[in-house]
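Student: let's see this in three dimensions:
(2 chains)
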Amino acid sequence: MTNTLHRYGPAESFRDDFIVFAIASKGRNDEGALEKLRRFLEMALTFGPVNLGDALHGGALRPSREMNPSSHWNRDTRPDFRAVIDGLDQPTTVAAVFDKRHSAEDFVKAVKEADLGLSINISTSVEGAEQCCHAAGIARHSVGYSLGFEGKTAKLPEEEVLLLSTMCGHGMISHALARKMLDWVKEGRRTPEQAACYLTRFCSCGVFNPARAVRLLKPD
Amino acid sequence: MRIDPAKCVACGNCTYVCPMGAIRIDPATRRATVQRDECVECYACYNGLSQEHLNPTFVRTVRSVFQALRLRFDPEPDVCPTAAFAPEELVWPRVVRRAFSDPRVPHESTGVHGRGTEEVKTNDVSGRVGPGEVGFTIEFGRPGVGVWFRDIQEMCWALARAGVAFEKKNPVTSLMTDVATGTIRADIMGEKVLSAIVEIKVPVARTEEIIGLVRDVEARLDTVIALGVGTRCDADGEDTVVGPILERLGYRLDRAKTNIGLGRVTNGIAS
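Tutor: Numbers count the residues shown, from 1 in each chain, chains lettered A, B, ... in the order given. Prediction:
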């Protein structure tokens, strides 16, 4: 899941960004995985996630196929975690996003005790993941480092846009939309919370972190 | 992807949400249009925009009245008011664009959604990257730039010349006609995708050499690259080998994906 690996920003900027995800490996531990993945998500609810998601259906905030025009004035911006759990209908990658380290640590402890047999990964700063493992008494198995972006980096947008748009590693959140939301918040046309919701709905696997987005969208 | 001109009201919302910037309002027709060459069939527009199903004539009339009165309605920015997007039936080779760009479509070669790879995230059960080895994920086009397969081809040839082994369970590898030379099938060279990952594995001792090779080639490519380096930790959960090499090369290790080793093979074992 490189879609969580290459988030832009220094390690300190991931202080409120902890993604814990579960995945079954085809042919190795995918039999009966659906129920285990559902249980993983159910367990996450206890620890106050800011997003949940599965790679097929999306996260806790989703676009509507039949939007009522009145929604322009009273749109529901509450995450629907239950829809994520109930909508899971086949084995895929599922993720829980936390904005507090202690929540992620406690969740990892609970997942360890549940002994699901699935592969569990933490995507955050190197140090943050180490701390989560330490708190849970776990020795890391493998680590995948992000070395950042190289090549024709002149094609990339400004830093404040990248901080937001790279929270969807699948690239579903365009730089232009992220920039527009930054502008709208500065102009007072939307609150940071509303702008974060717009961005979150485009993430197709639910790993976008709306809490971090709110922080990044707030004008200095 | 196409936009139905009979439905489009040129509100412009979709022009912002396209990751490739491939949607424009055509001033001649006053409708949004998709530039087919730049569109990577990621479906971010179709899947990400909420859809109202308003009558286009009604919406255009209201917009005209507002315009005449110099009033501005401030609608939600993530909505297509008339559900004007119309997905097309994609055929080869264009269908490759969607396979590599729409994360909800599983790659046929691996059955995995998203980028189509498991990398080190299942390493605790797959053993894909073993002790003393380094797994590289070389991701092209990310974030938000896109990549043509002709650029991916150049990197694959260079890697093959260096004698590296391409990961078999990888969508790009599955499109190679000759894995030994890293040659990708010729009929997709003109296809652009949102991103694609080439995966290789080498002994730790070759880490610096491979990074240098990637840097040399990427300088000639018209895209960006996100480089990921995966390794096994020791029995204490520490990486005292690869991390220090990367830091010596000047990389700041700000972010990582950590496999915490709770997975195990369970298929065929009664619970």
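Student: from residue A:6, how far out is the residue nearest the centre of chain B?
Tutor: Of all residues in chain B, the one closest to the mean position by C-alpha atoms, centre = their mean is residue B:195, 2.9 Å from it. Remark: distance between residue B:195 and residue A:6 (C-beta to C-beta, to the nearest Å) = 10 Å. Any C-beta I mention is one placed from the backbone N, CA and C, and that applies to glycine too.
Student: ok, residue A:121 next?
Tutor: Following C-beta to C-beta, the distance that separates residue A:121 from residue A:6 is 14 Å.
Student: and if you look at residue A:112?
Tutor: For residue A:112 relative to residue A:6 (C-beta to C-beta), the value is 27 Å.
Student: can you list phi and psi of the closest residue to residue B:233 other than its chain neighbours for me?
Tutor: Nearest residue to residue B:233, sequence neighbours excluded (C-beta to C-beta, 6 or more residues apart in numbering or on different chains): residue A:140, at 4.5 Å. Note on residue A:140: its backbone torsions stand at phi -60, psi 140 [degrees, to the nearest 10].
Student: now residue B:257
Tutor: phi -110, psi 130.
Student: which parts of chain A are strands?
Tutor: A:18-23, A:51-54, A:58-59, A:94-98, A:119-125, A:142-151 (DSSP state E).
Student: could you measure from residue A:142 over to chain B?
Tutor: Residue A:142 sits 4 Å away from chain B, going by C-beta to the nearest C-beta, to the nearest Å.
Student: over to residue A:39?
Tutor: From residue A:39 to chain B the distance is 13 Å (C-beta to the nearest C-beta).
Student: show me the contacts for that residue.
Tutor: With contact set as C-beta atoms under 8 Å, 6 or more residues apart in numbering or on different chains, residue A:39 has these partners: A:114, A:116.
Student: any weak-confidence spans in the stretch 101-250 of chain B?
Tutor: Counting by pLDDT under 70, the stretch 101-250 of chain B shows low-confidence ranges at B:107-116.
Student: mind listing the strands for it?
Tutor: B:133-140, B:147-148, B:165-166, B:176-178, B:183-184, B:192-193, B:196-203, B:224-232 (DSSP state E, counting those that start in this stretch).
Student: okay, those strands in CSV with mean neighbour count and distance to chain A next?
Tutor: Shown next, in CSV, are the strands of the stretch 101-250 of chain B (neighbours: other C-beta atoms under 10 Å in any protein chain shown; distance: least, C-beta to the nearest C-beta, whole Å):
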stretch, mean neighbour count, distance to chain A
strand B:133-140, 24, 6
strand B:147-148, 22, 10
strand B:165-166, 16, 17
strand B:176-178, 12, 20
strand B:183-184, 19, 19
strand B:192-193, 24, 10
strand B:196-203, 21, 7
strand B:224-232, 25, 4
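Student: reformat the ones you listed into CSV and put distance to residue A:11 next to each item.
Tutor: Formatted as CSV, the strands of the stretch 101-250 of chain B follow (distance: least, C-beta to C-beta, whole Å):
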stretch, distance to residue A:11
strand B:133-140, 20
strand B:147-148, 28
strand B:165-166, 31
strand B:176-178, 37
strand B:183-184, 36
strand B:192-193, 30
strand B:196-203, 24
strand B:224-232, 16
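Student: of all those, which lies closest to residue B:69?
Tutor: Among the strands of the stretch 101-250 of chain B, the nearest to residue B:69 by C-beta to C-beta is strand B:192-193 (42.7 Å).
Student: what's the closest one packed up against?
Tutor: Packed against strand B:192-193, as judged by 3 or more C-beta pairs under 8 Å, 6 or more residues apart in numbering or on different chains; DSSP states H and E, are the following elements: helix B:95-101, strand B:147-148.
Student: now the longest one: how far from the chain's centre is it?
Tutor: From the chain centre to the centre of helix B:95-101 is a distance of 9 Å (C-alpha atoms, centre = their mean, to the nearest Å).
Student: in that helix, what counts as buried?
Tutor: For helix B:95-101, the neighbour count (16 or more other C-beta atoms under 10 Å in any protein chain shown) marks B:96-101 as buried.
Student: so which elements touch that helix?
Tutor: Using 3+ C-beta pairs under 8 Å, 6+ apart: helix B:95-101 touches strand B:192-193.
Student: no further queries at this time; thank you.
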